[in-house]
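[1] give me coordinates for this.
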Amino acid sequence: MRVLMVWTVLCWMLVMASGLLWDRRYTQVLLLVLAVVAVATRTVTLTEWTGLARLLILGLSPWLLVSYREAAERLKDELHAQEAQQTTKLQDATRFSEEIQKANQDAEAHIAAITDLYRVTKETVRALHVKELFDASLTIAPRLLSAGGLRLMDWSGDKPQLLRARRRMDGRMTVVGEGDAHSAGEPAKLLEVEEAIMRQVVSLGQPASAAVRELASVAPTGISRMAWAPLWREQKAVGALVADELPEQQLKTLSIVANQLSLQLSRIQLFQQVEALAVTDALTGLFVRNYFMERARDEIARCQRLNMPSTVLMIDLDRFKEKNDTYGHLVGDVVLRDVARLLQRNLREIDLIARYGGEEFILLLTESSAEQAEPIAQRLKQLVEAHPIRAYDELLTQTISMGMASFPNDGRTLDELVEHADQALYAAKRSGRNQVVRWIPTSST
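    As a prediction, the model looks like this:
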């Protein structure tokens, strides 16, 4: 009897364990087995209420454990679901925060770009010439670009312009090699790497960067990498802004600066065109008289400060009225234009030439004494005399007469020099034309 009681207790413990660990179905089967064993072993007596109570307790206790375990599992599942939901919300919030942060960074970058654009505009808007534009850009560029140097290349005109600047130890940039960029009448001399960049800009028209060794066989000293952005005029790449040793992440900033410089270059070109209309003669392309006199006065004042000479030449086309009367004014215009271009081509850039009126021209040979100017005048006279002029169906020749007066010996002011050179010119014409006469006090008598 005691053994059966032990087996009944063991069965009950097994049922309790199934309630904690196993599925509800196993507990139901084990409860049925426990009830049969309990009745069969007479551990409980069904005829007595106490037996029924024991059987009920034996059956309900595992069942309650099953219910508690299932409730605990449901609670655990709900907690896991809530945890997963909170994790998802946290991930969504983190992602949203990152998106907000990125949007703020983009907005800051956009504001910075607008600020950069404003700074470049503010510094460059007053420039009226390419050199002034480059100088103005150097005041703001070091704050925007970490480049070791800058180059402005403009090949849109008859004479390509090249300006270079290098960063100093104090962080500022200064123009270097101006004398190498373009001298009197000579085009800019590009380095091999600069020519390669020019070809890249013309063919691709995109901001880019490259190692110098990929662009040229000979690299500039101390430069391993260069970046560039095109300069545009009327949707055509006409130049480039080049930066030495520029960090890759600043290429967009370089492009912003280049775009603003492009706008300013277009404005400068328009200004120069308007200025040219105001100061140049429509027929010959030479300066008009008033502009020449203004420039020449400044030059004479400079020579006076530096104790340097200068010479004024008055030029008249010999028997030009006869050509007009014989061949007509259209032919006369061709003669005037050809002689003007011939004279201009054979002068230095520092010299001034203008149409003085009618068939007269005036020249200022800067920093030239009478002794230095006379061979120049003789050469110009010979060039004109030897130059055939094709005017419509006519093939003509032309000679010129010239009068000279030099500062300071022949006059201390521009008005005196012009008056004395004019007197010498008339002396040349009275002496037979096609000659150069230097002013002397008796040349007008």
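
[2] and residue 323, what does it touch?
    Residues near residue 323 by Cβ atoms under 8 Å, 6 or more residues apart in numbering: 331, 332, 335, 396, 398. Where C-beta positions appear, they are placed from N, C-alpha and C, glycine not excepted.

[3] what sits against the last one?
    Translated: residue 398. Residue 398 touches 317, 318, 320, 323, 335, 338, 339, 384, 385, 387, 389, counting by Cβ under 8 Å, 6+ apart.

[4] which of those residues lies closest to residue 258?
    Distance to residue 258, by Cβ to Cβ, is smallest for residue 338 among the contacts of residue 398, at 40.9 Å.

[5] need the buried ones from the contacts of residue 398 selected in PyMOL.
    What follows is the PyMOL syntax for the buried subset of the contacts of residue 398, where burial is set by 16 or more other Cβ atoms under 10 Å:
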select buried, resi 317+318+320+323+335+338+339+384+389
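
[6] reformat the contacts of residue 398 as a markdown table; add secondary structure.
    Formatted as a markdown table, the contacts of residue 398 follow (DSSP: H, G, I helix; E, B strand; the rest coil):
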| residue | secondary structure |
| --- | --- |
| 317 | strand |
| 318 | coil |
| 320 | helix |
| 323 | helix |
| 335 | helix |
| 338 | helix |
| 339 | helix |
| 384 | helix |
| 385 | helix |
| 387 | coil |
| 389 | strand |
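
[7] quick one: least confident of the contacts of residue 398?
    For those, the model is least confident at residue 323; its pLDDT is 92.

[8] how far away is it from residue 121?
    The gap separating residue 323 from residue 121 is 53 Å, by Cβ to Cβ, to the nearest Å.

[9] residue contacts, residue 343?
    Here residue 343 is in contact with 315, 353, 361, 363, 380, 384 (criterion: Cβ under 8 Å, 6+ apart).

[10] which single one of the residues you listed is nearest to residue 72?
    Among the contacts of residue 343, and counting by Cβ to Cβ, the member closest to residue 72 is residue 353, at 106.6 Å.

[11] wait, is the closest one part of a strand?
    Yes: counting by three-state DSSP, residue 353 is located in a strand.

[12] could you look up the SS state of the closest residue to it other than its chain neighbours?
    Spatially, and ignoring its direct neighbours in sequence, residue 353 is nearest to residue 363 (5.0 Å; Cβ to Cβ, 6 or more residues apart in numbering). Three-state call for residue 363 (three-state DSSP): strand.

[13] beta partners for residue 363?
    residue 313, residue 353 (DSSP bridges).

[14] mind checking pLDDT for it?
    So residue 363 comes in at 98 (pLDDT).

[15] one more: residue 176?
    83.

[16] now do residue 170
    On the pLDDT scale, residue 170 gets 85.

[17] in what helix or strand does it lie?
    Under the criterion of DSSP states H and E, residue 170 resides outside all helices and strands.

[18] gap between it and residue 356?
    50 Å.

[19] next: residue 119.
    46 Å.

[20] so those two - more neighbours on which side?
    Per other Cβ atoms under 10 Å, whichever of residue 119 and residue 356 has more neighbours is residue 356, with 22 against 17.

[21] thought the more buried one was touching residue 290?
    No: using Cβ atoms under 8 Å, residue 356 is not in contact with residue 290, being 10.7 Å away.

[22] looking at the chain, which helix or strand is least sure?
    Of all helical and strand segments in the chain, the minimum by mean pLDDT, DSSP states H and E falls on helix 178-181, at a mean of 42.

[23] what's residue 145 sitting at in phi/psi?
    phi -130, psi 140 (degrees, to the nearest 10).

[24] same thing with residue 387?
    Given degrees, to the nearest 10, the pair of backbone angles that residue 387 has is phi -90, psi 120.

[25] how close does it get to residue 342?
    Counting by Cβ to Cβ, the gap from residue 387 to residue 342 is 6 Å.

[26] sorry, back to before: save the contacts of residue 343 as JSON lines, and put in distance to residue 73 too.
    Formatted as JSON lines, the contacts of residue 343 follow (distance: Cβ to Cβ, whole Å):
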{"residue": "315", "distance to residue 73": "113"}
{"residue": "353", "distance to residue 73": "105"}
{"residue": "361", "distance to residue 73": "110"}
{"residue": "363", "distance to residue 73": "109"}
{"residue": "380", "distance to residue 73": "112"}
{"residue": "384", "distance to residue 73": "114"}
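
[27] confidence score at the residue nearest the centre of the chain?
    Taking Cα atoms, centre = their mean, the centroid of the chain lies closest to residue 258, which sits 1.5 Å from it. Note for residue 258: predicted pLDDT of 91.
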